[in-house]
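In: starting from these lines, generate the structure:
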Amino acid sequence: MTNFFFNNKIINGLKKNKDARFLSYWTSGLIVIGVLAVASCSAMVSINSPFDCISKHLMNIGLGFGLFIIASFFDYTKYRKFSFFLFILTTVLLLSTIFFREINGAHRWINLGFFNFQPSEMAKLVMIILMSDFLTRHKHHINTWNANVFPCVYLGVFCFIIFIMQSDLGTAFLLFAIWSSLLIVAKIDVKRMLLIVLACVLALAVAIAIKPYRRKRVLTYIKPVIQYVMKTNTAETPQSKAEKIKNSDSYNSDIAFAAFGSGGLTGKGAGKSDTKLRYLPEKHTDYIFPIIGEEHGLIGTLLTVFLFIMFTKTALNINSKCKDEFGKYLSLGIILTITGQAIINMGMTTGILPSKGIPLPFISYGGSAMLINCYMVGILVNIARSNSRLL
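Out: All right, here's what the predicted structure looks like:
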């Protein structure tokens, strides 16, 4: 029975739809790169149990595959019926994190015993479903204040909880980016959009100002520009440069640069990273991209970027072929979420963007992110398959 289901439902379903099939290929390629990178870092994360990290990562991939199958066969249009319930559920889950153990200075996880679930990952998908349903229902009068209030409420509730209670500026910023992008696609009036953006920018400025470590990150990001403009002294000995790097606020970025540079064209080889031994923090999560660069060189980093580009291109093809408004908004929101996280992470580790704790989709270690990302890919496959049947 199992063979019949997999052979006839899953494989044949993918064979009949080129976009769904190729989307699965690109996703699988990214997951394989992630397995190699996490396996390389596993012993450094837990020396007493060197295979603990990679074994959990493989378990997360297995659970993610199960969710991918479920989402690829669940009719995506039915999410509209549960959108408000999902909003209430996610809000309760976000608030309940305060009752669980603090990890790395923040209450972001719910301990399920065998698994630490992060509700903010779920909030990304729920925000997309809420906005897609709302914009579909109000597409003919999107430029009225009544039609603009509720999207602001959705964003405000999620962002307030994530900002204040969980100290997760990166996720809150990503939610705002998704929310505003969908409003722009829905052709909201420019003046209204500018007013809303201005209010959110002010909230962002306050959020940065009230936390010293956030101010430090922003100042660290713009410091090289200031140094270039002021033409500060560059005649330093190697020893003084090493000492400056060790004590600098940009330590993470500097070590990430060193990892990329030491990899050269082809890299040092799988598992042969020196940087992971003691220098680079969060090497298996936020800063996994430099490990790929060091072990697999420029070729490895370009392959990773290529897979994300092809993933985005294929997903956009699915979006362009979608026949209904809800599916178009839903697929676009998912694309913005996954591709946006990839851009932020790669931009952060290469110094293009300020340092922020955003994992690299399908590659970084993290159960909640892997499960939600796999589920979102399943939704894209379902949209592709559903619309191919309408042709």
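In: for the most centrally placed residue in the chain, which residues are in contact?
Out: With distances taken as CA atoms, centre = their mean, the chain has residue 341 as the residue nearest its mean C-alpha position (3.4 Å). Counting by CB atoms under 8 Å, 6 or more residues apart in numbering, residue 341 makes contact with 174, 358, 359, 360, 361. Every residue, glycine included, has its C-beta placed from N, CA and C.
In: how close does residue 333 sit to residue 64?
Out: 19 Å (CB to CB, to the nearest Å).
In: so those two - more neighbours on which side?
Out: residue 333 (27 against 23; other CB atoms under 10 Å).
In: you'd agree that one is up against residue 128?
Out: Yes. Using CB atoms under 8 Å, residue 333 is in contact with residue 128, at 3.3 Å.
In: please identify the helix or strand for the closest residue to residue 188 other than its chain neighbours.
Out: In this structure, residue 188 finds its nearest non-sequential neighbour in residue 142, 5.7 Å apart by CB to CB, 6 or more residues apart in numbering. Of the helices and strands defined by DSSP states H and E, none includes residue 142.
In: does residue 142 touch residue 135 like I think?
Out: Yes. Using CB under 8 Å, residue 142 makes contact with residue 135 at a distance of 6.9 Å.
In: now for the two: what residues contact both?
Out: By CB under 8 Å, 6+ apart, the residues touching both residue 142 and residue 135 are residue 186.
In: more crowded one of these two?
Out: Ranked by neighbour count (other CB under 10 Å), residue 142 and residue 135 place residue 135 first, with 23 against 18.
In: these two touch, right, the more buried one and residue 186?
Out: Yes. Residue 135 is within contact range of residue 186, at 4.6 Å (criterion: CB under 8 Å).
In: identify the contacts common to the two.
Out: 142, 329.
In: returning to that earlier point: quick check: the farthest pair among the contacts of residue 341?
Out: 174 and 360 (13.5 Å; CB to CB).
In: for the closest residue to residue 161 other than its chain neighbours, what are its contacts?
Out: Spatial nearest neighbour of residue 161, chain neighbours left out: residue 94 (4.5 Å); criterion: CB to CB, 6+ apart. Neighbour list for residue 94: 119, 120, 123, 158, 161, 162, 165, 166 [criterion: CB under 8 Å, 6+ apart].
In: drop anything exposed from those residues.
Out: 119, 120, 123, 158, 161, 162, 166 (16 or more other CB atoms under 10 Å).
In: so which of those is the closest to residue 199?
Out: Distances from residue 199 to those, taken by CB to CB, are shortest for residue 158, at 15.6 Å.
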